[in-house]
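J.: Sequence and predicted model, in that order:
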Amino acid sequence: MTDLNADIKESPANSPPGGTGVRRARPDRAAARAASARRWPLSRIIGVALLILLLFSVAAMVAGALALLSLHDDQDRVVGTLSPAALQVQRLDTALVDQETGVRGYALSAQKDFLAPYTAGMVDERNAIRALQAVINQLPPSAAADLKSVTTQAQFWRTHYAQPTIDRVSRAGRPVVSPDILAGKADFDALRTRTAALQADISGARAQAIAALNNSAAVLDGVFIAVAIGLAAIVVLLAVGLQRMAVRPLHRLAAEARRVAEGDFEHEVSLSGPREVTDLAVDVNTMRERILDELAATRQANTVLQAHTAELERSNSELEQFAYIASHDLQEPLRKVASFTQLLQRRYAGQLDARADQYIEFAVDGAKRMQALINDLLQYSRVGRSAREPALVSSDAALAQARNNLATVMEETGATVETGHLPLVLAELPLLTAVFQNLLSNALKFSGGKPPRIVITCTRDEPFWLFSFSDNGIGIDPEYAERIFVIFQRLHERTAYPGTGIGLAMTRKIVEYFGGRIWLDTSYAEGSRFLFTLPMPAETMDQAPQDETSTDKTPKEADD
C-alpha cells in the first residue's frame, strides 16, 4: 500500500522546474535590511505620536480637573450652603411673624385657637436657628453675630411682651389691651430689623458666590473649547503624519502582496517606508519564493492524492457491489438451500435414520441462520447511509409500530408494557422503530420464563430526552455492560436464546447516528434497564412532558 506521507515528504526533491526546492537569498536582501535598519521603526513613530497625544491629554485633564473642581466648590457653596441658609432665614422671619400674629389674635379674642400660630412659630424658629447654627462657620463672619442678635431680641420680645400678654388674657378670660403694646411693637420691629440684617448678609454672600460660580463655569467652558481645538489640531497633524509615514507604505505593500496573491509569483516585492514595513516587504518576498517552492511540491502531492482518491472510489464501488450481491445474489442460493432442505425434511422425514434427519435439520437451521445474519448485517451497514435529515418523529408512533411487529410474541409470553406519553424527537421513524423493537425483543427474549413486565419512561435531560427501558428478566452482569453492544457478542449459547448478536449493536449505532448515546444501568438489580438519549427539538424545549402512565397487557388491548 502506498504511503501518502512519504510521497508528500519526498516531492520537494523531485520538484519540476517551476520551483527551486531550496530557499535562495537574493543578493540585495542584506542591503535592503541594512537600509531599513537606519529608518525609524513604526513603533517609534507611533510611540512619539502617542507621547504627544498623552502629554496634551494630561495637560488637558489637569486644566479641566482644576476648572471642574473650582466649579464644583462654588456650586456646592451656593447650592449646599448659602441657598439653604437663605431659605432658613426666610423661614425664621416667617416663624417670628406667626408668633406676633398669634399673640395679637389671642389678645383681641381671648380664644385659645389663636395661639396655634404662636406655638407653631416657636417650633419653626427653633428648627431654623438649629439649621443656621449647623452651617454658621460657612457663612459670612457677620452672620454669626446677626444670628445671635436675632435670637436674643426674639427671646427679649417673648419675655417682656408676648408671654406677659398671654398670661394676662388667660387670667382675665377676656380680651385685654396690654399697657406694653407700644413697647412690644417697638421690640418686634427691632427684631424684624435684625432679621433683615441677617438676611442681607446671607443674600450678599449668595450673590457673590453665584458670580464666582458663573466665573468658574465660563473658565471651564474656555478650557473645554481650548482642549477641543488643541485635540483636533493634534489629531489632524498626527493623522497626516501617520498617513504619510506609515499608512501609505502599508497600502503600497498591500498592493504588492495582492499582486503576488493574485498569481504573479514572479513579481519581486520591494519598497521603502518604516523599518517594520521594509522588513515585512523582505519577508513577503521571501514568502513568495517559498510559495514557488511549495507550489511545485503541492502539485506533486495533488497528483499522489488524486491517485489515492481514485483507489478509494474504486474500493467503495466494490463494497457497494458486494452489498448488492449480499442482499440479492447471495441470498438466492441460500433460499434455494433452505427450500430444498426443507423439502427433503418433509418428504423423507422418518424414512432415513435419525442421524440423517438430524443432518437435514442442521442444514435447514444453518441456512435460516445465515439468511437472518445477512439481513441483520445489511440493516446494520445501512444505518447512517440515508441521505435524509433527522426530523420531528413521534416516539409514541415508533413504539406502537414496534409493539405491533412483536404482537404475537407479546401475546404468547403475556408481556405487560407500562408507558406514558412519549415526546417528539429528532430521528427517522423506521430507525427509531428498530431501536424500540430491539429493546422490546431483548426484554421478551431474556424474561427467564416468567411474564415480562416492561416499563418505558422518558424525562428531560436538556438538550436531550432521556429514555428508560426496564424489565424484570434475568438481568445482565455489570462486567458485560459494554460487551453486549459489540456486534456478534453473545452472553448465552444459541441453543438457549436464539439470535444473531447484532440487535444491541445496531441499537447503539442508530442512537449514536441520531446524536445520542445508550448504556446499561448497572445499578438496576431487578432485571435489566437500558438508558438512551435522543436530541430534544427546539419546539419542545419549553413544554413539560406528560407523565401519565398507562398499563397495556397486550397490543390488542392497546388498540381497543
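T.: Perfect, I can see it now.
J.: Going by C-alpha atoms from here, please, whenever you check contacts or count neighbours.
T.: Will do.
J.: Backbone dihedrals for L392, both of them.
T.: Dihedral angles of L392 (phi, psi; degrees, to the nearest 10) stand at phi -70, psi 120.
J.: out of everything not next to it in sequence, what's closest to it?
T.: Using C-alpha to C-alpha, 6 or more residues apart in numbering and skipping the chain neighbours, the partner closest in space to L392 is L426 (4.9 Å).
J.: Pull out the buried positions in the strand or helix carrying that neighbour.
T.: Here L426 is covered by strand 424-427, with elements defined by DSSP states H and E. Judged by neighbour count using 16 or more other C-alpha atoms under 10 Å, the buried positions of strand 424-427 are L424, V425, L426, A427.
J.: Going by distance to R529, which of the residues you listed wins?
T.: Comparing the buried residues of strand 424-427 against R529 with C-alpha to C-alpha picks out V425 as the nearest, at 20.7 Å.
J.: So the closest one is in contact with T533, correct?
T.: No: applying C-alpha atoms under 8 Å, one finds V425 not in contact with T533, separated by 9.8 Å.
J.: Between the two, which contacts overlap?
T.: W465 (C-alpha atoms under 8 Å, 6 or more residues apart in numbering).
J.: residue ranges with poor pLDDT in the stretch 201-350 of the chain?
T.: Within the stretch 201-350 of the chain, the set of residues satisfying pLDDT under 70 comprises 270-273, 275-276, 316-332, 334, 349-350.
J.: quick one: the helices in it?
T.: Secondary structure of the stretch 201-350 of the chain (DSSP state H, counting those that start in this stretch): helices located at 248-261, 275-324, 331-348.
J.: Mean neighbour count and distance to L198 for the ones you listed - can I get that in a markdown table?
T.: Putting those into a markdown table (neighbours: other C-alpha atoms under 10 Å; distance: least, C-alpha to C-alpha, whole Å) gives the following:
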| stretch | mean neighbour count | distance to L198 |
| --- | --- | --- |
| helix 248-261 | 16 | 72 |
| helix 275-324 | 17 | 74 |
| helix 331-348 | 15 | 119 |
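J.: Relative to Y480, which of those helices is closest?
T.: Once these are compared by C-alpha to C-alpha, helix 275-324 is nearest, at 31.1 Å.
J.: Output the contacting helices and strands for the closest one.
T.: helix 4-10, helix 29-37, helix 42-75, helix 248-261 (3 or more C-alpha pairs under 8 Å, 6 or more residues apart in numbering; DSSP states H and E).
J.: Could you dump those helices into a markdown table and include distance to E462?
T.: Below are the helices and strands packed on helix 275-324 laid out as a markdown table (distance: least, C-alpha to C-alpha, whole Å):
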| stretch | distance to E462 |
| --- | --- |
| helix 4-10 | 43 |
| helix 29-37 | 60 |
| helix 42-75 | 52 |
| helix 248-261 | 48 |
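J.: In this structure the residue nearest to L392 contacts V393, no?
T.: Yes: using C-alpha under 8 Å as the test, L426 is close enough to V393 to be in contact (6.1 Å).
J.: Report the contact partners of T341.
T.: With contacts defined as C-alpha under 8 Å, 6+ apart, T341 is in contact with I360, A363, V364.
J.: Who are the contact partners of the last one?
T.: Read it as V364. Residues near V364 by C-alpha under 8 Å, 6+ apart: V337, A338, T341, Q342.
J.: just curious, which of these is nearest to T507?
T.: Using C-alpha to C-alpha, A338 is the member of the contacts of V364 that lies nearest T507, at 28.6 Å.
J.: Identify the residues contacting G64.
T.: L220, V223, F224.
J.: residues contacting the residue nearest to L392?
T.: By C-alpha under 8 Å, 6+ apart, the contact set of L426 is P390, A391, L392, V393, F514, L534, P535, M536, P537.
J.: before we move on, back to that, averaged pLDDT, the very next helix or strand once past the strand holding L426. What do you get?
T.: Moving toward the C-terminus from strand 424-427, the next helix or strand (DSSP H and E) is helix 429-445. With pLDDT averaged residue by residue, helix 429-445 scores 87.
J.: average pLDDT for stretch 116-136?
T.: 85.
J.: buried ones in that stretch?
T.: Using 16+ other C-alpha under 10 Å as the burial criterion, the residues of stretch 116-136 that qualify are 117-119, 121-122, 124-125, 127-129, 132-133, 136.
J.: Kindly indicate which of those lies nearest M410.
T.: Using C-alpha to C-alpha, the buried residues of stretch 116-136 come closest to M410 at N127, 94.6 Å.
J.: Show me what the helix or strand that closest one falls within is packed up against.
T.: Secondary structure assignment for N127, by DSSP H and E: helix 116-134. Taking 3+ C-alpha pairs under 8 Å, 6+ apart as contact, the helices and strands that helix 116-134 lies on are helix 83-109.
J.: weakest of the helices and strands packed on helix 275-324 by average pLDDT?
T.: The stretch with the lowest mean pLDDT among the helices and strands packed on helix 275-324 is helix 4-10, which comes in at a mean of 40.
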